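In: 3D, please:
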Amino acid sequence: MFATARKLATLIYRALRWGQPYVDEGAEAFEKRYQEIRMTALKAKAKELGYELLPSVQAPVEGEVTG
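Out: As a prediction, this is how the structure comes out:
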């Protein structure tokens with residue numbers, strides 16, 4: 001709730017102070033930023049617990065030719 005109020009206050013302040021227009025980034029940009037923030041938090045938590053996150057390697061689908 002406070003984050004939303006702060007974001008709105010910032011947008012209104014910028015619009016009034018400098019005439020900066022509001023630009024909707026769109027859902028895709030929001031999701032990308034959200035995933036990056038989540039990944040950063042997960043990596044920090046894993047490190048705090050003594051682990052290291054590594055990207056997973058997907059196993060080939062049955063019947064798929066590799067190589």
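
In: where do the helices of the chain begin and end?
Out: 2-18, 27-48 (DSSP state H).

In: now the shortest one: average pLDDT?
Out: The average of the pLDDT scores along helix 2-18 is 86.

In: for that helix, which outside residues touch it?
Out: With contact meaning Cβ atoms under 8 Å, 6 or more residues apart in numbering, helix 2-18 is reached by 20, 21, 22. All C-beta spots, glycine's among them, are computed from the backbone N, C-alpha and C.

In: go with 6 Å
Out: 20, 22 (Cβ atoms under 6 Å, 6 or more residues apart in numbering).

In: for it, C-alpha coordinates in CSV please.
Out: The C-alpha atoms that make up helix 2-18 are tabulated as CSV, following Å, rounded to 0.1, in the frame of the first residue of the first chain:
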residue,chain,number,x,y,z
PHE,A,2,2.8,2.5,0.9
ALA,A,3,4.7,1.6,-2.2
THR,A,4,1.7,2.4,-4.4
ALA,A,5,1.1,5.7,-2.6
ARG,A,6,4.7,6.6,-2.9
LYS,A,7,4.8,5.8,-6.6
LEU,A,8,1.6,7.9,-7.2
ALA,A,9,3.0,10.8,-5.2
THR,A,10,6.2,10.7,-7.2
LEU,A,11,4.4,10.7,-10.5
ILE,A,12,2.1,13.6,-9.5
TYR,A,13,5.1,15.6,-8.1
ARG,A,14,7.1,15.1,-11.4
ALA,A,15,4.0,16.1,-13.5
LEU,A,16,3.4,19.2,-11.5
ARG,A,17,7.1,20.2,-10.9
TRP,A,18,8.6,19.6,-14.3
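
In: out of the helices of the chain, nearest to residue 58?
Out: Checking those against residue 58 by Cβ to Cβ gives helix 27-48 as the closest, at 17.8 Å.

In: return the distance of the closest one from the chain's centre.
Out: 5 Å (Cα atoms, centre = their mean, to the nearest Å).
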